[in-house]
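>>> Below is the sequence, then the predicted model.
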Amino acid sequence: MKYILKKILTLIIALLVISIIVFIAFSVLPADAAISKLGTDATPERIEALREQLGLNRPVLERYFWWLANAVRGNFGESFQYTGVSVTSLIASRLGNSALLSLISFVMVVVFSIPIGIFSAKRKSFLGRGAMTTVTQITMGIPSFFLGVLLTYLFSLVLHWFYIGRYTPPSENFLAACGYLVFPAIAIALPKIAMTVKFLATSIRSELHKDYVRTAYAKGNTRNGVFYGHVLKNSLVPVITFMGIIVAEIVAGSIIVEKVFSVPGIGTLLITAITNRDYPVVEAVVLLIAFFIIAINFVVDMIYQAVDPRVKL
Amino acid sequence: MLLKVEDLKVQYNTAEKTSYAVKGVSFEMERGEILGIVGESGSGKSTLGLTMMGLLPSHASYSGHVYFQGRDVIPMSFEELRQIKGDEISVVFQEPMTSLNPLIKVGKQVEEMLLLHLKDKDDAMTEAPDGTKLNRHHEKLSKEERKKRVLEMFEAVELPKPEETYKKYPHELSGGMQQRVMIAMALMCEPEILIADEPTTALDADIQDQILDLLKSINAKRGTSIMLVSHDLRVIRRVCHKAIVMYKGEIVERGTVEDIFEHPQDPYTKSLIAAITDEKKNSNPIEGEAALEVKDLSVYYVKKSEKLGEKPKKNVICKGMTFDVKKGEILGLVGKSGSGKSSISRAILGLHKDYTGEIIHHTDKPQMIFQDSAASLNPARKIGWILEEPLKNKKVEPAERKRLVKEMMERVELPEEFLDRYPRQLSGGQKQRVNIALALMSGSKFIIADEPVSALDVSIQEQIIELLLKLQKDLDLSMLFISHDRAVVERICDRVIHMEDWKPVS
């Protein structure tokens, strides 16, 4: 009970602090939504009129509290860029694409990293270990957006497996959407797979030296019996926490990758909104992502408690 | 003949060196026997059991023969040995907490034994010496039947509330109960031999006795042969029929336990026996001034509240404790691990502030000697530097410092060359001597020794105790000697007080 209250309190404080930081950032940045919308060629009178209309000429503090008062009621206002369109509907129309992309990336991480991690941990020879380390280190080092560029070149321009920009939303054709999103998902997931493989392999190796493993052998288990019956579950416990971090990184990493692959998602929306100084949109998207990451943290704690009987929250 | 070991050699090969753990050992063990294997750490005693179980680490190599019921287990493949492990030879280790899988309920862990050894045996029913039928046939047991067997075994090893214990995780049980679970697991398939490797070393004194009694009764009731590996001669004398004394990988003495205790032949065995007999210090109660007075002392910890709005809880360690340490006296403070002995010493030193009552020092600030001899010495400094440090704080001239340090080295019987060595280059016993020297360096006449010999081998323990007694006499020290080990306390202390007498009633 205390734990849940504590979590909720953390959530509220974190969201408040983040919203303030975004506001400060926007008041410091040169140019504002009015200039960005009308262009630098517009007459000062027109820009001033638009500022008046958008409320940009009022003091930052006043604007913040006005925004906050509406936000707590669930009203995130209208976009500056797209006149008359509510921020909520802007996000809603793109959320599905981003969620699907993150989900595919996460599934890829889980499906590939666990077996590869086990395979890697079982390499005993100097050569086998060296090879696994080299591969994971290199893969870990490639940034997702660069990998994205390579993948678009190879699969779109050379092999024509998909056409960049011709994305079908999942509401129209779910399979086609998945087929397109597989490629950005690879770009996001590959470095994360390498990290998880390394983490899991290290965890397995450290478990192998523990006393209960010796007991498991002494009981007359086969080698596989010891590994799958005793070692693996214990090795996966720390991986749960690690996966929480990975999910957060997938969400953060997808922002740029969406742009590289022209996926109309939250990330693309965020980047455009920042360029246009469209702060109601930026606030809402950033808060949404922050909320999601804190929620993931909570889920990880819950899973941790369910898996490890020693943990009591 | 149940077990026959012939010329067994085991060595550990590491990049730096090859160390010989067992150097050509031969012995035999009869059915129904309890054989003790005694020796200090590094004597190769635990390696014997691990070799029989095929549990040696991969950098070990070995030769020789271990005939178990006529079959040599040394050349056996992993699979052949696997079928014997747990079924015919089983083992109980020193640390029950870490030896159990933390994520699996203990009932399930014991039940696993039945699932692992599902093979037909011609002698499906064997008869124990007391006439009870033992079923050795574990094939096709239903889930309910398996659970029933586990619960029966829990009862046999005297675990309270078997049904509830079955569903517990290891961390929810006490050390003694965990070890009973380990024993239940080892006995599940009615093995021929139970190897108990220091089964009581990690447990408190009274729990130790219970576990040893249990092992004895298992041997009597079920006829299970037991190989009991221990560094503690008292344990061997209490339980075993025959014993082997090992020293540096060789057997130096063997025979029945009575023979070994009454007519020890080897000088090493004699020193071991001397260490545990002549236990009581014969001394007159010391009268006179007090060095330390403790009046109505209550030590507690403030525990953070679990629920919101609740007041912080006080976790009381002792209540109304009153005692004094006379000048020139060694007072023993005995208690179980976790009973708060060390908290009291911290309160006396002024390191723990949460207490009520009075602590009056009639001497200089007391100095401490700790259990872990390595942890209290700065690893980056030479012994000479470490010993000079307290004098530097007192602004003693360098030449005088050197002279005093040399004098102290002589007192604690360490060669002068050690002043140029680092702590890691010294053995555990030597490091503890340095700690004693360090405690005396500031000139304090009052020493608090917190389990100063618990981490040392028996023969080294004896030397350190002799040294402490000698120093106490020479320098007229007063000492508060804290230990869980009654035998050690009785050997060194003039008077003993018990933690239990001041436990808060809960």
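Here it is on my side, so go on.
>>> For B:P57, give its distance to B:L35.
24 Å (CB to CB, to the nearest Å). Bear in mind the C-beta positions are built from the backbone N, C-alpha and C, glycine included.
>>> Looking at these two, which one has more neighbours?
B:L35 (25 against 9; other CB atoms under 10 Å in any protein chain shown).
>>> Closest residue of chain A to chain B?
A:G220 (3.5 Å; CB to the nearest CB).
>>> Got the domain ranges for chain A?
Listed by automatic domain parsing, the domain ranges of chain A are A:1-75+A:277-313, A:96-275.
>>> and residue 267, how many neighbours does it have?
With no chain named, the answer covers chain A. Count around A:G267 with other CB under 10 Å applied: 28.
>>> meant chain B, my bad for not saying
B:P267 has 11 nearby residues by other CB under 10 Å.
>>> and it, what does it touch?
Listed by CB atoms under 8 Å, 6 or more residues apart in numbering or on different chains, B:P267 has no contact partners.
>>> where does it land on pLDDT?
Note on B:P267: pLDDT of 88.
>>> what does B:S142 give?
According to the prediction, B:S142 has pLDDT 82.
>>> ok, how many other residues are close to it?
Neighbours around B:S142, by other CB under 10 Å: 8.
>>> can you map out the helices along the stretch 51-200 of chain A?
According to DSSP state H, counting those that start in this stretch, the stretch 51-200 of chain A carries its helices in the segments A:60-71, A:87-122, A:126-141, A:144-151, A:174-207.
>>> residues in contact with the third one?
The set of residues external to helix A:126-141 that reach it, using CB under 8 Å, 6+ apart, is A:F119, A:S120, A:R123, A:L190, A:P191, A:I193, A:A194, A:M195, A:V197, A:K198, A:A201.
>>> What mean pLDDT does that helix get?
87.
>>> in that helix, what counts as buried?
By 16 or more other CB atoms under 10 Å in any protein chain shown, the buried positions in helix A:126-141 come out as A:M132, A:T136, A:T139.
>>> cool, stretch A:64-76 as well?
Residues A:Y64, A:W67, A:A71, A:F76 are the ones in stretch A:64-76 that count as buried (16+ other CB under 10 Å).
>>> swap in stretch B:62-75?
For stretch B:62-75, by 16+ other CB under 10 Å, it's B:Y62, B:G64, B:V66, B:Y67, B:F68, B:V73, B:I74.
>>> What of stretch A:301-313?
Buried residues in stretch A:301-313 (16+ other CB under 10 Å): A:D301, A:Y304, A:D308, A:P309.
>>> how distant is it from the center of its chain?
24 Å (CA atoms, centre = their mean, to the nearest Å).
>>> what is the mean pLDDT for that stretch?
The model assigns stretch A:301-313 a mean pLDDT of 85.
>>> close to chain B, is it?
Yes. Shown here: stretch A:301-313 in contact with chain B (CB under 8 Å from any CB of the partner chain) through A:V307, A:D308, A:P309, A:R310.
>>> Quick one: end-to-end distance for that stretch.
Its first and final residues considered, stretch A:301-313 spans 8 Å by CA to CA, to the nearest Å.
>>> Kindly report the same for stretch B:295-313.
Terminal residues of stretch B:295-313 are spaced 24 Å apart (CA to CA).
>>> Around chain B, pick out the residues from the stretch 51-200 of chain A.
Within the stretch 51-200 of chain A, no position is near chain B by CB under 8 Å from any CB.
>>> Quick one: name the residues of chain B near chain A.
Residues of chain B lying near chain A by CB under 8 Å from any CB: B:53-55, B:78-79, B:82-87, B:90-91, B:93, B:95, B:98-104, B:112-113, B:116-117, B:169, B:171-172, B:182, B:185, B:306-308.
>>> about what we covered before: for the domains of chain A, which has the smallest mean pLDDT value?
Per-stretch mean pLDDT for these is lowest at domain A:1-75+A:277-313 (a mean of 84).
>>> before we move on, the earlier item: list the ones among the residues of stretch A:301-313 next to chain B that fall in strands.
Judged by DSSP state E, strands contain none of the residues of stretch A:301-313 next to chain B.
>>> Just the ones of these in helices?
Judged by DSSP state H, those include A:V307 as members of helices.
>>> Any chance of the residues of stretch A:301-313 next to chain B in JSON lines with distance to A:H160 as columns?
Shown next, in JSON lines, are the residues of stretch A:301-313 next to chain B (distance: CB to CB, whole Å):
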{"residue": "A:V307", "distance to A:H160": "45"}
{"residue": "A:D308", "distance to A:H160": "48"}
{"residue": "A:P309", "distance to A:H160": "53"}
{"residue": "A:R310", "distance to A:H160": "53"}
